[in-house]
Each structure stands twice: as structure tokens, then as C-alpha cells.
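> Here is my input, please return the structure:
(chains A and B)
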Amino acid sequence: MPTALAERPSTAPAHDTGAGKDTLRHLAQMEGRYRALLEAAPDAMVVVNQSGEVVLLNLQAEKQFGYNRDELVGQKVTAIIPEGFAERLIADGERTAAQALAQQIGTGIELTGRRKDGSQFPIEMMLSPVESAEGVLVTAAIRDISARKRAEKHLVQMEGRRRLMEVALRESEENYRLLLDGVEDYAIFMMDPSGKITSWNVGAERMKGYSAAEILGQNFSRFFPARDIARGRPKEILRLTAASGRHEESAMRVRKDGSTFLASLTFTALRDQAGNLRGVSEFSHDLTESKESGAKYRALMEAAPDAMVVVNEGGEVVLLNLQAEKQFGYSRDELLGQKVTTIIPEGFAERLIADGERTAAQALAQQIGTGIELTARRKDGSEFPIEMMLSPVESAEGVLVTAAIRDISARKKAEKHLARTEDAEKRLAQKVEELNRSNEELGQFAYIASHDLQEPLRMVASYTQLLSRRYKGKLDADADEYIAFAVDGAARMQRLIQDLLAFSRIGTAGQELADMSSEEALKQALDNLQGAMEDSGALVTHDTLPPVVADEMQVVQLFQNLIGNAIKYQGPGVPRVHISAAKGDGKKWIFSVKDNGLGIEPKYFEKIFAMFQRLHKRDEFAGTGIGLAICKKIVERHGGKISVESQLGQGSTFRFALTQGGMKT
Amino acid sequence: MNTAGEEAVLEVLLVEDNPGDVRLTLEAFREANKSIRLHVAADGVEAMDFLRGLGAHVNAPRPIFILLDLNLPRMDGREVLAQIKTDDDLKSIPTIILSTSQAEEDVAKCYQLQANCYLTKPARFDAFESTVKIINDFWLQKVKFPASRRAE
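Numbers count the residues shown, from 1 in each chain, chains lettered A, B, ... in the order given. Predicted coordinates:
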């Protein structure tokens, strides 16, 4: 720490230029090295001594504050920065001025600048100390951030990703202001108007890999990727710089070893006093590798949960994060400088392109904030679905686009699964509908068939009978027998068809289920069975039976069939049948029809409910074997089940469930 | 029946498209009552022509009663029944439905259309024969009819 500092007066008259005499002398030496650098800097540069006096400033500072150089040198820095700068140079009880200053290094300080005309504007200031013979001098890099402030206001509304990018960009900009104390991190060189390199610094050697001896006299075009050379980019840059005095861009550059990197570059036209173009300076630094901003920038990028890829207007990848490396299977070096179509074959690059009606920025603006679903391709050629969010960042070289890319394979899979499930459900519903229809058609068919079959059958039955009536005994014994078989066959078929008709009508001609008295239904059934009961002397008893919700006609039929069976398949004694009902689960009544008849072997329990199933020979018991099938169908139509419990010789109990009735208030 | 009834021919219209049924009915009536003359219309249109004395049936007699099948070509039995029962001249002719259909809706519909009675065709000849005999005994022997309007 220079001791001379303490001996200097803490203040000096505004006009006293003598205060900086030594300084100026010293700076005169420095000028050789830094003059060009200083003048070329994109920011206003003001060098201040410990007393807060301006000792040096650049062209940009003159412009920004509206003073001539002479007017400002020797003045208090408070003239242009009323607050916040001078204070930072002052030691207090706890720290030396140098320590105070050290705390500010490397951080952007936002203050208010004042122009000669008194107008104020927001600035961002970066301080860097330079040791000199007369003590520590402070270089302030001052940037007018009016535009940024305005932009920031606007940016507040923008989404997080964009903010992230904005921060990142600002940090890269700040790197320019680290110029003076971090020269090794910057490549700085000069060239003549044709691009032939005339000077070369340590930073340039570090960054680009060429020693000064190797590169001096060479054309700067060798730092460009082949395709840029092919399209005349180096010459264009020289032209642009000459035209506007300055050109900035972030672009890919090639090192001596052939590797590429993303560089942030500033070109400044160097003119002599007559205004003739003497050459061009290039400041550049490696955005991907820079220790300071690079690290922060990268940390931000790398921390992003999505793959982040920054693409320039040429559709080239200029930056990517770890996640992007992982997702696409490329290493960083493999992708940098490549067309983005390598990883996103369709739908991205197209969005960057201007057409007759809109600029690239406008084209892009239409995509902002909306998730675009595309297909991405990995290095191994495999593809996967992505959702991409774009955010544009205006930069010196045009619009850079940050794409946040999310692998949506899982989501897609889930969607597909959902679609498949829905599809399966739809197919199932279709199947059910088809089944219902075919069931209905079958019922219709059975009804029509049995109905229409009756007509011709009646003819056969009637005429064979007529034949038998008129000609019995008039032909011969064989003829009589044949006719008898025909008559019997026709009669049996008639019964079958009638039963089949009855069976099919349960579904097609059933009534609406309604509240009804099961006891009433039983009485009707017993009326219908009167003949059979009288013939057999059967004794039918019953408990009080409850109201149910059912089709009355069908319940009558149900009782009639079950009791009819009980009487028909009677045991040795007098047939006894008892009907009762007990509460079952879920608002059901379980009805029992218990008899003392022949009983049924357990192995037939299932079989007896099937169509046309008979357990007895025709000459033992008449019947078509459809009675219980009808019972089953009736009970099932009412949402219940019918079952039997029996032992051979011990009688049978048929049970079925019907829905509880009489619930209405 | 009056005293002249012994010799009088009893005109009955049978509306039936099945020749087998026609013959069966003829056979059954022959056994039940020899004085019945059975006229046959094979479909509904012909039945109405017969009843209204149209076309080939200009000289058709007015039947004492009508035996009407339901399922007929051209015009079915229900329509025939409806036309008879809405025709002031014809509605007094007893119309007996003789059908194979046991469907509740058919029975109900026919009574609504003012059928005089509904009988199902028995499956066996003996039962059919007894049905015809009952028809004869009731409609031809017991029932009193109004004086014929078409007699004039």
C-alpha cells in the first residue's frame, strides 16, 4: 500500500490541476499502454485519485457527461457523480481507503451521474484500483444504464428464464469493466484496417493459443470458424466497425488448436487526429471459460433444471448447459458452433428466421412464453419429445435466443397411456353395446322364430290329428302307429316352442318393475295351479309375504313354476309346499319355496336351471325342461339370484331374492 | 233361432290367408253345423270388398258373423277390424278374432277396436274342433241378432 497517499491533501481546489502533476507524469507513461485501451472501452472511464479528483478520462466519459476533457481533469469527481463515489475512496476509523475500496471491487455500483447541463442519469460503476507511484488510483468504468433501467422495468414482467438470461448477460457485460485489473482474462489486440494483427497481449495469447511472435502480421480472420470466413464475416466486421466506430458481438471463435469457444467481442475503430482509420482494436473474452462471470453465468445455467441452449440468429448453438449435454448426449465442445438442427431437427431454427412480413425478432416474439412441443434428437440418433420455451435477449450481435428444453417423454407416455385407457374403455363400451344389441336381436329372434314356427306346426299337429281321427282303423296297424308318432312329436314340439316363446318374452315383453304384493302374486299362481293341486291333493301353505318391487306377471309365473314343479315331482306322500320370506342383504327379501318332493342330487343344482335340461325320462314326467330356466331368467331380470338346496328324497328348497317394496312414503 | 232357421243357410265370413286353417275351419264347422256356408277372404282388402259388395263381390251376402285372423297380407286384421267397427253399416256384425297370437298387446288392441271376442287358435285339432263347436253353439244358437239391415 503506497504511503504517499496519506500525505496528499484530502481535498484540492476544483481548478487546481497541479494536484495531479505527478499523476499526470506517471500517467503519461501509462498512456502508451492504456490509452488505446481506455479510449476503446465501451464505457466511460474516469481515473480518480485518493482525494477524489479526476486525473484522467476517456472519450466516452466526455460524451457521457458533456464535458471537455480539460474541464473535468482536476475537478472533484462529485461534479459528475455527486454521491456514492467519493465516499468510497475515504478511509474511516476502521479501514484504510484501500480497504474501503477493496470491498467495492468487482461489484457494479448503481449511482446517479450528472451531466454538465445538470441533467441526471442512472449509471452503473465498476471500480478497480491501479497502483501507481503516487498511490492507489481508482479507475471507474461508468456505464449509462438508462436504457437498461428502462428495460429492467419491462423485464420485471418477464418470466424467470428471461430474467436469468438478462442477469447472465449483464454479468458478461460487467466483464468489460474488469478489463483493467484482469487483462489476462481478455484478449486485446490491434490490427490494421485490413485485419492484419499489429499488437498482441498476454490475454490474447492465453485465450487464442498463439504467441505474439506467431500471430503478428497474420490476419485476424484465422480466429473465425470456416463458415464465417466463407461468408465474409471478418471483412464485414471490419466494415461495420469502420462505419460506426464500434462493433460488438458474441460469437464462436477458433483457437490455435482448432477448438471453438464462445467469445464476447468488442471492436473499436482507431482513428488518428485527422480522423483517418488507422486500425481496429479487438477486446474479447471467452464467455464459456471466463473465471468470473463465466463461473456465475455457468452456475446459473447449470443449476437450471431444464436443458438450456443459447442460439444465435444464424441458428448456431453458442452456449449450453450440463443438462443439455446430458439430454442430448453430446459433450459441450461437440455442440458449440453447430446448427441447432443437429439436436432439434425441426421447428426451432425455423422460428428464428425472418420472412417477408416480419423480422426475426418479430417472428420470435410470437413464440415467447408458449410451450412448443417438438422432437429432439440425441447424438445416438434416438428421438424424444420435448417442450421448449424461448426467450430472446437482444445483444450487440442481434437477438440471441435462450431455449429451455424439457424432456416430456414421461408426460407423453402418461398421455399415451391415458389415451390407451380411454380407448380401451371406449372399446369395452362398444363391446357391451354390441352384446346388448346381439342379445336383443337373439331375444327378438327367439320370439319371432317360435312365434312363426307355431303356424306351420299347428298345421302338422292339426292335420295329423285329423288324419288319426278320420282314418284310424281304416288303414293298417303300421299306419296307425306312424300317425300316432307324428301326432305326439308335433304336440311335443308345440310345447317346446310355447315354452321357448315364454322364455324369450321375459326379456322382450316384461313390464316395468313396480311396487306389488308378493302375496297377491302367490294367490294368482295358486289359482292357476288349481287343477294340478286338486289332482295331487297338494297342501300349499305360506307365511305373510312382503311387498316387493317387481313385474307382477313374472312373479306369478315364478311362483307358479316353482310350486308346479314341487307338486309335479312329488314324493311318496301328499305334496306339501311352504312359501316364506326372510330379510336378506341390501333391501332384499329372500323367498323360499320348500317342498317335500323327490329332491335333487347336489351335482344337478346348476344344471336344472339351464334351458331344456331334464333330470327325468319323458315317460316319467312331462315337460320341456324350461320351467326353471324361465324362473332363473325372471329372477335375474329382477337383479337377484335363484338357488336350490336339496337332498335326494328329502325335498327341495328353492330360494330367490326380490327387492324390498312398500318403501314409498 | 226362428222356425225357418232349420233350412236357412248361415252365411259366415272367414278372413284367413292360410289354406290349411281354412280347411281346418271348414272341417270343424262341417262337423258342428251343416247349414253354415263359409265364405273365405284371403286378405283384408278382399274382406272389405266382400263386406261392402265391391268388385267381384257385388252379390256377396251379409254375413251373420265374421271370423277374423290378425296376420293378413295387404291389409291386416286389426285394420279390417277398425274399418268394420267404424262403419255404421258393418259395425253391428259380430267380429270374432281367431288368431295364433297370445300376445297381451294383441288381445288388448282388438278389444279396444271393439272386437266381439278374441279366441286363440288351438294347437290341436280336437281343441280347435271344440272351439268351433263353442262358437257355433253360442253365436249361432244362443245369440239374438238385430234384424238385418242389408235385407232391403
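> Phi first, then psi, for the residue in chain B positioned nearest to chain A.
Nearest residue of chain B to chain A: residue B:125, at 3.8 Å (CB to the nearest CB). Heads up, the C-betas are built off the backbone N, CA and C, glycines and all. Main-chain dihedrals, residue B:125, degrees, to the nearest 10: phi -60, psi -40.
> Tell me where chain B has helices.
With helices called from DSSP state H, chain B shows them at B:19-32, B:44-52, B:77-85, B:104-112, B:125-135.
> TSV please, covering those and showing mean pLDDT and mean neighbour count.
Output for the helices of chain B, formatted as TSV (pLDDT from 0 to 100; neighbours: other CB atoms under 10 Å in any protein chain shown):
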stretch	mean pLDDT	mean neighbour count
helix B:19-32	88	18
helix B:44-52	93	21
helix B:77-85	93	21
helix B:104-112	90	15
helix B:125-135	88	18
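> And the ones you listed: which comes nearest residue A:113?
When those are compared by CB to CB, helix B:104-112 sits nearest residue A:113, at 101.1 Å.
> before we move on, back to that, out of the helices of chain B, which gets nearest to residue A:636?
Judging the helices of chain B by CB to CB, what sits closest to residue A:636 is helix B:104-112, at 21.9 Å.
> Looks like the residue of chain B closest to chain A contacts residue A:460 (just checking).
No - using CB atoms under 8 Å, residue B:125 is not in contact with residue A:460; the gap is 10.7 Å.
> give me the residue from chain A nearest chain B.
residue A:465 (3.8 Å).
> That residue: neighbouring residues, count only.
As a burial measure, residue A:465 scores 23 neighbours (other CB atoms under 10 Å in any protein chain shown).
> Go ahead and report the secondary structure state at it.
Following DSSP: H, G, I helix; E, B strand; the rest coil, residue A:465 is assigned to helix.
> State the pLDDT value of it.
Looking at residue A:465, its pLDDT stands at 85.
> List the residues that contact it.
By CB atoms under 8 Å, 6 or more residues apart in numbering or on different chains, the contact set of residue A:465 is A:487, B:124, B:125, B:126.
> what's the helix or strand for residue A:581?
Assigned by DSSP states H and E, residue A:581 belongs to strand A:576-583.
> What residues sit buried inside that strand?
For strand A:576-583, burial by neighbour count (16 or more other CB atoms under 10 Å in any protein chain shown) applies to A:576, A:577, A:578, A:579, A:580, A:581.
> Same check on stretch A:467-487?
A:467, A:468, A:483, A:486, A:487.
> Put the alpha carbons of it into CSV.
Extracted in CSV, the C-alpha atoms of stretch A:467-487 (Å, rounded to 0.1, in the frame of the first residue of the first chain):
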residue,chain,number,x,y,z
LEU,A,467,-105.8,-87.9,-40.1
SER,A,468,-105.8,-90.0,-37.0
ARG,A,469,-109.4,-89.1,-36.3
ARG,A,470,-110.7,-89.9,-39.7
TYR,A,471,-108.6,-92.8,-40.7
LYS,A,472,-107.7,-94.7,-37.5
GLY,A,473,-108.6,-98.4,-38.1
LYS,A,474,-109.3,-97.7,-41.8
LEU,A,475,-105.7,-98.2,-42.9
ASP,A,476,-103.4,-100.8,-41.2
ALA,A,477,-101.8,-101.1,-37.8
ASP,A,478,-98.5,-99.6,-39.0
ALA,A,479,-100.2,-96.6,-40.4
ASP,A,480,-102.0,-96.0,-37.1
GLU,A,481,-98.7,-96.2,-35.3
TYR,A,482,-96.9,-93.8,-37.7
ILE,A,483,-99.7,-91.4,-37.3
ALA,A,484,-99.6,-91.7,-33.5
PHE,A,485,-95.8,-90.8,-33.5
ALA,A,486,-96.4,-87.9,-35.8
VAL,A,487,-99.2,-86.6,-33.6
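> Run through who's touching that stretch.
Here stretch A:467-487 has contacts from A:460, A:461, A:464, A:465, B:125, B:126, using CB under 8 Å, 6+ apart.
> who in chain A is up against chain B?
A:451, A:454-455, A:457-459, A:461-463, A:465-466, A:469, A:491, A:494, A:509 (CB under 8 Å from any CB of the partner chain).
> So which of those belong to strands?
Within the residues of chain A next to chain B, no residue falls in strands by DSSP state E.
> Please identify which pair of these lies farthest apart.
A:469 and A:509 (35.2 Å).
> Save the buried residues of strand A:576-583 as CSV, and put in pLDDT too.
Listed next are the buried residues of strand A:576-583 as CSV, based on pLDDT from 0 to 100:
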residue, pLDDT
A:576, 89
A:577, 90
A:578, 92
A:579, 92
A:580, 91
A:581, 90
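> can I get those in JSON lines with distance to residue A:76?
Formatted as JSON lines, the buried residues of strand A:576-583 follow (distance: CB to CB, whole Å):
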{"residue": "A:576", "distance to residue A:76": "128"}
{"residue": "A:577", "distance to residue A:76": "124"}
{"residue": "A:578", "distance to residue A:76": "122"}
{"residue": "A:579", "distance to residue A:76": "118"}
{"residue": "A:580", "distance to residue A:76": "116"}
{"residue": "A:581", "distance to residue A:76": "111"}
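> Could you point out which of the residues you listed is nearest to residue B:21?
Looking across these and measuring by CB to CB, the closest to residue B:21 is residue A:577, at 40.9 Å.
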